[in-house]
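**Q** Sequence first, then the predicted structure:
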Amino acid sequence: MKNKFITDELITLRMTEKGWTEGYDDEHARNQVLARYECKITEAWQRPDFSIYEESTADGYSVWIATDDDKNININEDVYYYENDLSDVLYNAIPDYNEIFCDNPSLVEDAITRHYEELFDRIEEEVVDELRSEGYVNKIAAPANALQYIEMISQDDQFTKGTPEIYDGCVSIDVNHDYKWLNYATQVIKDSNRYEIIANHYGLTISCFFEDLPNKLIFNKLKK
């Protein structure tokens, strides 16, 4: 049975199916974020459970109110003198309230964008976990030891896609000083009997040649 690998293309496909894409417009981002948090943001006053709005003081200055109780304004907690401070307020309110009144589009856009980007990363992690639960595995690009090196070899296209080249269904490696994974290949050659068990686990068998094929390490498919 061939391994199923987690790839960027597969992750993107799953993310797209769930409605999460990197190239998004403002309306799509808004719909996704608000649906995720079961929240509604409105510019019409409909008895919201949280509201952000501008007020004028008696001496003609503007302040902004952000509160979940507009009938009992707390001067120290609910009144803001700078509009920029409200970006964080709205951002934090979205997950906690069902209906928010805010008639400032720039504040809404900023908060939605921040949430969308954070949720995108979170959904991506969920998709990877989902794929792993379905039996998908990560391809190894940089093995940390000889065991991972053998696992990486087992993921070679010649095994996973059945594309034989010089040897039918095998990977042939020239073990020389320029080989990137020389250290791990050398370990396998020196103790091939022990590493054969690991290779068998990944459906391979190890062959080492030093006479007819000098410095060749060959991994073949393990015949059933």
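**A** Sure thing, it's come through.

**Q** mind listing what's buried in the least confident helix or strand in the chain by mean pLDDT?
**A** Ranked by mean pLDDT, DSSP states H and E, the helix or strand of the chain with the weakest confidence is helix 157-160, at a mean of 73. Neighbour-count burial for helix 157-160, counted by 16 or more other CB atoms under 10 Å, picks out Q158, F159. C-beta here means a position set from N, CA and C on the backbone, and glycine is covered the same way.

**Q** Please compute how far that helix lies from its chain's middle.
**A** Once both centres are worked out by CA atoms, centre = their mean, to the nearest Å, helix 157-160 turns out to sit 26 Å from its chain's centre.

**Q** Check stretch 173-185 too.
**A** 32 Å.

**Q** pLDDT (mean, whole number) over it?
**A** Averaged across stretch 173-185, pLDDT comes to 85.

**Q** Buried residues, that stretch. List them.
**A** For stretch 173-185, by 16+ other CB under 10 Å, it's I173, V175, W181, Y184, A185.

**Q** If we ignore the residues flanking it in sequence, what's nearest the third one?
**A** Yep, that's W181 we're talking about. Y149 (5.6 Å; CB to CB, 6 or more residues apart in numbering).

**Q** Could you do the fourth one as well?
**A** Once flanking residues are discounted, Y184 sits nearest to Y149: 3.8 Å by CB to CB, 6+ apart.

**Q** can you confirm that neighbour is in a strand?
**A** No. Counting by DSSP: H, G, I helix; E, B strand; the rest coil, Y149 is not part of a strand but helix.

**Q** which helices and strands sit right next to the least confident helix or strand of the chain?
**A** strand 170-174 (3 or more CB pairs under 8 Å, 6 or more residues apart in numbering; DSSP states H and E).

**Q** which residues touch the most centrally placed residue in the chain?
**A** Geometric centre of the chain, nearest residue: E124, 3.5 Å, by CA atoms, centre = their mean. By CB atoms under 8 Å, 6 or more residues apart in numbering, the contact list for E124 reads I11, M15, W20.

**Q** Distance to Y53 for these - can I get that in TSV?
**A** Formatted as TSV, these follow (distance: CB to CB, whole Å):
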residue	distance to Y53
I11	41
M15	36
W20	32
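
**Q** which ones among those residues are found in strands?
**A** Nothing among the contacts of E124 maps onto strands, per DSSP state E.

**Q** With neighbour count, distance to D110 and pLDDT added, can I get the residues you listed in CSV?
**A** Output for the contacts of E124, formatted as CSV (neighbours: other CB atoms under 10 Å; distance: CB to CB, whole Å; pLDDT from 0 to 100):
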residue, neighbour count, distance to D110, pLDDT
I11, 16, 27, 94
M15, 17, 23, 95
W20, 23, 19, 94
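
**Q** ok, the residue nearest to the centre of the chain to E117 distance?
**A** 11 Å (CB to CB, to the nearest Å).

**Q** Overlap of the contact sets of those two?
**A** With CB under 8 Å, 6+ apart as the test, E124 and E117 reach no residue in common.

**Q** Could you measure from I41 over to Y80?
**A** Relative to Y80, I41 is positioned 18 Å away (CB to CB).

**Q** Could you check which of those two has the larger neighbour count?
**A** I41 (23 against 16; other CB atoms under 10 Å).

**Q** which SS state does that one fall under?
**A** strand.

**Q** Contacts only, for it.
**A** So I41 contacts R30, L34, I94, E99, I100, F101, C102, V108 (CB under 8 Å, 6+ apart).
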